[in-house]
Each structure stands twice: as C-alpha cells, then as structure tokens.
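Q: got a structure for you, letters missing:
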C-alpha cells in the first residue's frame, strides 16, 4: 500500500487536497472518484501527475485562443446548444493545435460527467482564477452564456488597453533608439574624420572639441567593453528586479514618477475595480472577490496597499473603511464606495470607478506622450548641436592659429 497525495475537485465544484492509500495509482484514482472527488493531480510512489495536468502543461494557450473560446461559446450557449455539442463544434473551428488540444480535453471532461468548471480547472495557469470563478458562478446560477459574454467583453477590453499602451509607446521608443544611434554614429564615424586636423593643434583645441574627440576615441577603442558593460548592467538589473525587495523598490519608483506613475496607478486600478465589480455582479462572495481582484494587480507596491482589505472585510467591517491608502487621497473613490454599500449598488459603482480610472489613465498617458516626444527631440538636437559646434569650434580655432 502506498500513500498518494492528490489535488482534486469535489462534486460541489470546490477544490480539495489530501492523501489516499491504495496499491497503485489507478486504484487510488478510482477510490477518489468513488468518494465524489475528481482528481486533478495525483502523486506518490510510482504515480505520475494526472492526465489533465500533463495536458495543461503541454498546451499553452494564447490570449487570442482564450478570447475565441469565450466569444464562440457565448454565442453557442445563447442559442441553447448543449455543452458537449458546442465543444465539438468549437474543436472543428479551432485554428491552432494548442486550442484544439485544449478543447478536446475540456470536451473529454464534460462527456465524462464533469461540469465545465471542473473540466477547465487543470488549465487555471492559462485561464486565471477569475475566469474559472466566473464560470462556476455562471453554471451555478444557470446563466453561463451571460458570464461567457462578460468574459469576452473583459478580455476584449484588456486587449484593447494593452494594444493602446503598446501602440502609444512604440513611436517614443523608436525615437529614443534613433536618437541614441544618431549620437553614437556621429561620435564613431564623423568625428574621426577631423582627427588628423585636430591632432596638429595639440592642446590649443577648445575644451568642448577635446571632450568630443576623447569621447569618440573611447567609443571606437572600447566599444566591445561598453556593450559588454551594458549587457552586464541589464543582467544585474533583471536579477535585482526578480527579487522581492528589488521588485518592490522598482514598482514604488514607478508610482512616484511624475505623470507616468499616475498612468500606472490609474490603469492598475481600472483592472482591479472592473474585476471586483464583475465578480460581485455574478454572486461571488466579497472576500473571495477581493482575493481574486488583488491578483490582477501586477504592481507589487499597489498590491501591498490593497491586500489588507481582505482582512478588514473578514472582521465584519465596511469595505469603505479599508480604502485608506495614500493612493486614494484627493479622490472620491472611498466616498463613492461607502455610498454604494449603503444603497446596495456596490457592483455597479465599482464598474463605474473602473471606467473612470481607465479614462483618466488614457488622458494622462496622452499628456505623457505629448511631453515625451518633443523632449526626446530637444535632447537629441542638443547633443547633435553640441557635437557640431565642437567640431566647428576646432576648425575655426585652426583658422585663427593659421
């Protein structure tokens, strides 16, 4: 007899874990099923992870795949199509092997008597806890197609926001790279053309010209060391950011940056309040909704400020009493949440706050980009002008000497 450790799902759809004694892994799995537990992971002795876990590790879903699954499933369930037939149709429509394997595994679970939530549970890494909780809420309330629509809208909103940020930052980043390359090319290839002329002047060269010539010599002679140093610096910074203390300091610095910190804070709160509001709207308990919503905050400093809300609500206090973070100063968010608690409209208020924070984040980002582009151009122009003036100053000093 061997003790097997398991992670599974009860018949009520709740996750559970424990151990079961059996002579082999197949017998252990059958005993768990007989107890009303669907094993998701089973380890111990010669046991290998359950098939669903292996499948979930091999099939890495993209956001486009998850969006496609949610959107089409919402349409099919709205047409009152049985779940197994809807999954079979989606499998035929799948455009990628990963999506097809994912739908096949979910279909296998549904045909085996599991709920959609239980069938999706092994894919929590790709789907996220919020996705699964909403699926369970939709199945429990009999409004799965409504939940799938909400998930589709939320995924589309997140993709739209992500694409907006990427497209907005593309031009300033390209401009910055071109600026750096322009200065490097001037120092590496243009300034050396005047080197023979300047050598004849010796110490009579102006200080600015001598500075530019020395900087050009440094780049041409030690460019490999400079590149190596930059690579090592980036590597050390990445390792530092990977630590808990480093990530906390970096996220705190991002929040303290003028304008840009406000953009980060607003966009993070937009995702947080939208997730929180949707979960409450679907009947998820407030404590569970708070825990799931906190996971959407990628900024560690913000998450540390918001996490105490879970403990405050568990002690029976009002949610609005926990919004004492300095990030909510000079905002009406705590007052609106307090009024929403009294009127019983907390979910709709949270969704309104999400829209407000997202709009404010977009406007602030527009101001940041409007200031960033001319700033880069001015700095680039100043460097190029300094190099040109230094070269011309050296040439004019030669003429004066002659």
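A: Sure thing, it's come through. In this text, all values refer to a predicted model and were calculated from it rather than measured experimentally.

Q: quick check: domain ranges of the chain?
A: Taking automatic domain parsing as the domain assignment, the ranges for the chain are 2-49, 62-152, 153-402.

Q: looking at these, which is buried most?
A: Across those, averaging neighbours per residue (mean count of other CB atoms under 10 Å) puts domain 62-152 on top, at a mean of 18. All C-beta atoms are positioned from the backbone trio N, CA, C, and that covers glycine.

Q: residue ranges of the helices in the stretch 51-200 of the chain, please?
A: Under the criterion DSSP state H, counting those that start in this stretch, the stretch 51-200 of the chain carries helices at the ranges 51-58, 63-78, 83-93, 97-111, 116-120, 124-127, 129-141, 144-185, 195-199.

Q: Just tell me which of these ends up closest to residue 210.
A: helix 195-199 (8.2 Å; CB to CB).

Q: Work out for me the element the residue lying closest to residue 298 once chain neighbours are set aside sits within.
A: The shortest distance from residue 298 to any non-neighbouring residue, by CB to CB, 6 or more residues apart in numbering, is to residue 268 (7.0 Å). Per DSSP states H and E: residue 268 is located in helix 260-281.

Q: Report the mean confidence score over that helix.
A: Along helix 260-281, the predicted local confidence has a mean pLDDT of 86.

Q: quick one: pLDDT of the residue nearest to residue 194 when sequence neighbours are not counted?
A: Beyond its immediate neighbours in the sequence, the residue positioned closest to residue 194 (CB to CB, 6+ apart) is residue 391, lying 5.8 Å away. Among the per-residue scores, residue 391 holds a pLDDT of 82.

Q: what's the answer for residue 45, then?
A: Reported pLDDT at residue 45 in the predicted model: 52.

Q: picking that back up, out of the helices of the stretch 51-200 of the chain, which comes closest to residue 297?
A: Each of the helices of the stretch 51-200 of the chain was scored for nearness to residue 297 using CB to CB, and the closest is helix 129-141 (12.2 Å).

Q: and the residue nearest to residue 194, what is it in contact with?
A: Shown here is residue 391, whose contacts under the criterion CB atoms under 8 Å, 6 or more residues apart in numbering are 190, 191, 194, 209, 212.

Q: now do residue 192
A: When contacts are counted by CB under 8 Å, 6+ apart, residue 192 is found next to 216, 220.

Q: For the stretch 301-402 of the chain, give me the ranges with low pLDDT.
A: Using pLDDT under 70 as the threshold, the predicted model of the stretch 301-402 of the chain has low-confidence ranges 398-402.

Q: hey, where'd the helices end up in it?
A: Secondary structure of the stretch 301-402 of the chain (DSSP H, counting those that start in this stretch): helices at 308-314, 333-343, 346-401.

Q: Any idea which of those helices gets closest to residue 102?
A: Set against residue 102 and scored by CB to CB, those come closest in helix 346-401, at 28.9 Å.

Q: Okay, angle between that closest one and helix 333-343 too, please.
A: Orientation check (axes from the mean of the first three to the mean of the last three CA atoms, to 10 degrees): helix 346-401 against helix 333-343 gives 170 degrees.

Q: Now find how far off-centre helix 346-401 is within its chain.
A: Here helix 346-401 is found 25 Å from its chain centre; the criterion is CA atoms, centre = their mean, to the nearest Å.

Q: Specify the local secondary structure of the residue nearest the centre of the chain.
A: Among the residues of the chain, residue 298 comes closest to the average C-alpha position under CA atoms, centre = their mean, at 6.1 Å. Counting by DSSP: H, G, I helix; E, B strand; the rest coil, the backbone at residue 298 sits in coil.
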